[in-house]
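K.L.:
Structure for the following, please:
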Amino acid sequence: MQKVILQPSGNKDAREHYENTVQTPVPFLVLSEYVTAEDLELIHSLYPDGFVPTWGVTPGKNDVNVNKWERIQVGDVTLFSANGHVFGSGVVTHKLHNKELAAALWDYDKEGQTWEYVYFLDEINAHQIPYSQFNQIVGYADNYIIQGFSVLNEERSDRILTALDLKSEVYLPEITEEEYKEEILQFNIDDDLDVQHSGKRRKEQSFLRRQLFQNKRVGVCGICGKQYPVDLLVAAHIKKRSKCSNEERLDHKNIIMPMCKFGCDDLYEKAYIVVRDGKVVRNTKKTFTPDLLDKVNQVEGIECSFWNDSTKHYFEWHFQQ
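P.N.:
Numbering: from 1, shown residues only. Here you go, the predicted structure:
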């Protein structure tokens, strides 16, 4: 699950770091002098515009911050706070330990440490959330003041991310095949999972979206073939999820495809369109208004790149309904 990182930023160093490397993202060329080729390739794929919001923490006394930093994962949300309120947030995209990079970006503090436990951010947003509201949501005492770098546990993180609508649809934590399998097998096949277990499905949804979109900002709709930001695409089941066996749900490489929120998802979900022999076609068993027909005509005949020997039986099931 996505977690919340608390990052007090009221002192002089933190204010300058926020202004210089978050509000003003670090050019890719600067990073390229210090990071490995492997990290550089990943960062380049995440930031095609070449500018990377960057933050870091020091090891702290007796390395107190190191274990906290190690708990950070892709999709976690950093809350920056100062002067009695949370003033900004950003979603973690990647992290690395790099003392040389940190020294180049931020120099050293008066204890001789630098902010070498680095993490990169995206989806930077400004806020004006008073501590009183934050404390009420998280369950802290009214007079609690955010102090020190920390990572909230999953329960408290979920409260704040849900209440403030801060969950990323692009950057998702890594979920293993085994975790996904456990998530699937714990459900009864006949349950109405979309409603009854919506909370428990987050891990499954995160896994499927990550499989499809690989934490990239942009993806392609499997029906219309148009390219959109991934928060405008859904990880849609080719065969209705509630009708899938556990074995079919575990076939994640073939049972899902991206569909856009501009009509393709609904048209397919409600079976106004189907895929036959690899092409999107109108479902002649349905009734169409002239306006709906115009919409369907825009996608009819398009070749579906997700139709193949491994997926065609799922498309055939959809057509037969």
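
K.L.:
Strands along the chain, start to end?
P.N.:
Counting by DSSP state E, the chain has strands at residues 4-8, 26-27, 51-52, 54-57, 77-82, 85-97, 117-130, 150-151, 218-220, 227-229, 233-237, 256-260, 273-276, 279-282.

K.L.:
of the ones you listed, which approaches residue 67 most closely?
P.N.:
With Cβ to Cβ as the criterion, residue 67 lies closest to strand 150-151 of the strands of the chain, at 9.3 Å. From N, CA and C alone the C-beta is placed, and that goes for glycine too.

K.L.:
and the closest one, which strands flank it?
P.N.:
Paired strands of strand 150-151, with direction, are strand 4-8 (antiparallel) (DSSP bridges).

K.L.:
Let me know the average pLDDT across the partner strand.
P.N.:
Here strand 4-8 scores 96 as its mean pLDDT.

K.L.:
now what about that strand, what contacts it?
P.N.:
With contacts defined as Cβ atoms under 8 Å, 6 or more residues apart in numbering, strand 4-8 is touched by 14, 55, 57, 72, 76-82, 92, 146-152, 156-157, 160-161.

K.L.:
before we move on, the earlier item: take the strands of the chain and lay them out in TSV including mean neighbour count.
P.N.:
Formatted as TSV, the strands of the chain follow (neighbours: other Cβ atoms under 10 Å):
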stretch	mean neighbour count
strand 4-8	22
strand 26-27	16
strand 51-52	18
strand 54-57	23
strand 77-82	23
strand 85-97	21
strand 117-130	18
strand 150-151	18
strand 218-220	17
strand 227-229	13
strand 233-237	23
strand 256-260	23
strand 273-276	21
strand 279-282	18
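
K.L.:
Distance to residue 43 for the ones you listed - can I get that in CSV?
P.N.:
Below are these laid out as CSV (distance: least, Cβ to Cβ, whole Å):
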stretch, distance to residue 43
strand 4-8, 19
strand 26-27, 10
strand 51-52, 6
strand 54-57, 10
strand 77-82, 17
strand 85-97, 6
strand 117-130, 7
strand 150-151, 22
strand 218-220, 16
strand 227-229, 19
strand 233-237, 23
strand 256-260, 24
strand 273-276, 37
strand 279-282, 36
